[in-house]
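*Asks:* compute the structure for the input listed below.
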Amino acid sequence: MTADLGPDDPAPAGDGPALGDLLDLEVGNVANGGFCVARHEGRVVFVRHALPGERVRARVTDVTKNFLRADAEEVLTASPDRVEAPCPFAGPGRCGGCDWQHASLPAQRRLKAAVVEEQLQRLAGITRTVLVEEVPYPVSDEFTPAPGLGWRTRVQFAVVNGDVGLRRHRSHDIEPIDECLIAHPGVELMGIERKRWPGASGVEGIVSSTTGDRLVVLRGRDRRKIRVPRLDVPVRLVRGKPEPGANLPYVREEVSGRMFQVSGSGFWQVHPGAAQLLADAVVAALEPKPGDIALDLYCGVGLFTGVLADRIGRDGLVVGVESDGQAVRDAKFNLRDLPNVAIERGPVEEVVADLEFGRADGSDRSQNKRGGRGHQGGARVRRADLVVLDPPRTGAGRQVVDQITRLAGRKIAYVSCDPATLARDLAYFSERGWVLDTLRAFDAFPMTQHVECLATLVKG
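*Replies:* Predicted coordinates:
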């Protein structure tokens, strides 16, 4: 959002508005990060809790050499898209978990689409009209949350002196709460926010939307001294950093008829409908054929590996690559019945550099004993027909993009939760002769600024 404006250096004393000043602002377009853009005396102001086209009175919360940040505390002229925030803890100076509770759901999706379009144009030179699709909430006889609420199946609560809350925006301070409206009802059933947690620094509540499994992960300097209260429903408990092993608590998630075990606080899509929707979207984008060879980079517990393996059949091969040891163990367990799957552990850039590519017969999949920079060897293939990657928010980066373009044959599917790093990496792909074919965007995080994208690339 601010990369083109310079560093966040403190402004010289007496140079324009100061912290706490109130400014009357005409709000312009949306910016990446849950802000809208305004100007005060020629200076850029990033305003939270406002909407494009509004006039607001905003309090300055941050002053840098090149721009200001501010919270809209009073709306002088409201946008027709403005609604009353459903959560009592949302608003200026309060919980930082939601960015757009004051906007209608259709308006939120338009704002996210505008951000994706702007990032693509500015960072990749791509002009594309984007439609952010609603993620359907699975039908349930037990839970029927209001639209845009009750979707977050994994919630990390902060704890200070035993009291539970959520972080305020750009702050280590917490907002004490007794209920989170975007948390899945299964998380709320535990009653985490309504208990005291002496000795803990954080509590994560996790629920499976498909099996109902519940897990609580505790964090603290000395996990033995954390006093765990009696929760309102039975849960599995992890104290401190999860330790690998057969007894590590997990939740089970079902997608496309396959059960996936996710241990501890391992990664899984937080919206109940997102995993199935993305799995279907990746298959539709890549159009796998029997006998294909595919790479699943940053594969986690094996979601995309599993659905691709089912499509390419026994004559094909899917190689999943993941750096997290527990996720690798989960992936191998989850896909243990698939002979056409190999899971490799290590940083993607190291594993891909060490792989030797060829067809999926017995000899080509023999162990590569060369080793490498942390990679202990694994499946051999000489070229990949298809590649799917789902990197962390920091994106893949130039090195990984270069490696992918040397290996990929037919299509690449890039799943991203950050429009800026996605656009940056699409520019790298373009330099290597791969162009954006289709782009889908999904509202997998209602009420927040975040959006999930799926970009499909083909050779230009």
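
*Asks:* per-residue pLDDT, Q376?
*Replies:* pLDDT recorded at Q376 is 46.

*Asks:* any idea how far V251 is from K195?
*Replies:* 21 Å (Cβ to Cβ, to the nearest Å). Every C-beta, even on glycine, is put in place using the N, C-alpha and C of the backbone.

*Asks:* okay, these two: which has more neighbours?
*Replies:* The neighbour comparison of V251 against K195 (other Cβ atoms under 10 Å) goes to V251, with 24 against 17.

*Asks:* quick check: buried residues in the helix ranked longest in the chain?
*Replies:* Taking DSSP state H as the criterion, the chain has its longest helix at helix 105-119. Within helix 105-119, the residues that count as buried by 16 or more other Cβ atoms under 10 Å are 105, 107-119.

*Asks:* as a check, name the ranges of all helices in the stretch 351-460 of the chain.
*Replies:* Counting by DSSP state H, counting those that start in this stretch, the segments of the stretch 351-460 of the chain that form helices are 398-407, 419-431.

*Asks:* what does the last one rub up against?
*Replies:* Yep, that's helix 419-431 we're talking about. 1, 3, 32, 115-116, 119-120, 122-126, 391, 393-398, 401-402, 404-405, 412, 414, 416, 435-436, 451, 453, 455, 457, 460 (Cβ atoms under 8 Å, 6 or more residues apart in numbering).

*Asks:* let's see 6 Å
*Replies:* Contact partners of helix 419-431, identified using Cβ atoms under 6 Å, 6 or more residues apart in numbering, comprise 32, 115-116, 119-120, 123-124, 395-396, 398, 401, 416, 436, 453, 457.

*Asks:* re earlier: tell me the one of the buried residues of helix 105-119 nearest R230?
*Replies:* Checking the buried residues of helix 105-119 against R230 with Cβ to Cβ, the nearest one is L105 at 36.9 Å.

*Asks:* so what's the closest one up against?
*Replies:* P147, G148.

*Asks:* repeat that for T405.
*Replies:* R432, W434.

*Asks:* re earlier: out of the helices of the stretch 351-460 of the chain, which is closest to D222?
*Replies:* helix 419-431 (36.4 Å).

*Asks:* how far is the closest one from where the chain is centred?
*Replies:* Remark: helix 419-431 is offset 17 Å from the chain centroid, using Cα atoms, centre = their mean, to the nearest Å.

*Asks:* could I get the buried residue list for it?
*Replies:* For helix 419-431, by 16+ other Cβ under 10 Å, it's P419, A420, T421, L422, A423, R424, D425, L426, A427, Y428, F429, S430.

*Asks:* let me have those in a markdown table, extended by distance to D280.
*Replies:* Listed next are the buried residues of helix 419-431 as a markdown table, based on distance: Cβ to Cβ, whole Å:
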| residue | distance to D280 |
| --- | --- |
| P419 | 22 |
| A420 | 26 |
| T421 | 24 |
| L422 | 20 |
| A423 | 24 |
| R424 | 27 |
| D425 | 23 |
| L426 | 23 |
| A427 | 28 |
| Y428 | 27 |
| F429 | 24 |
| S430 | 27 |
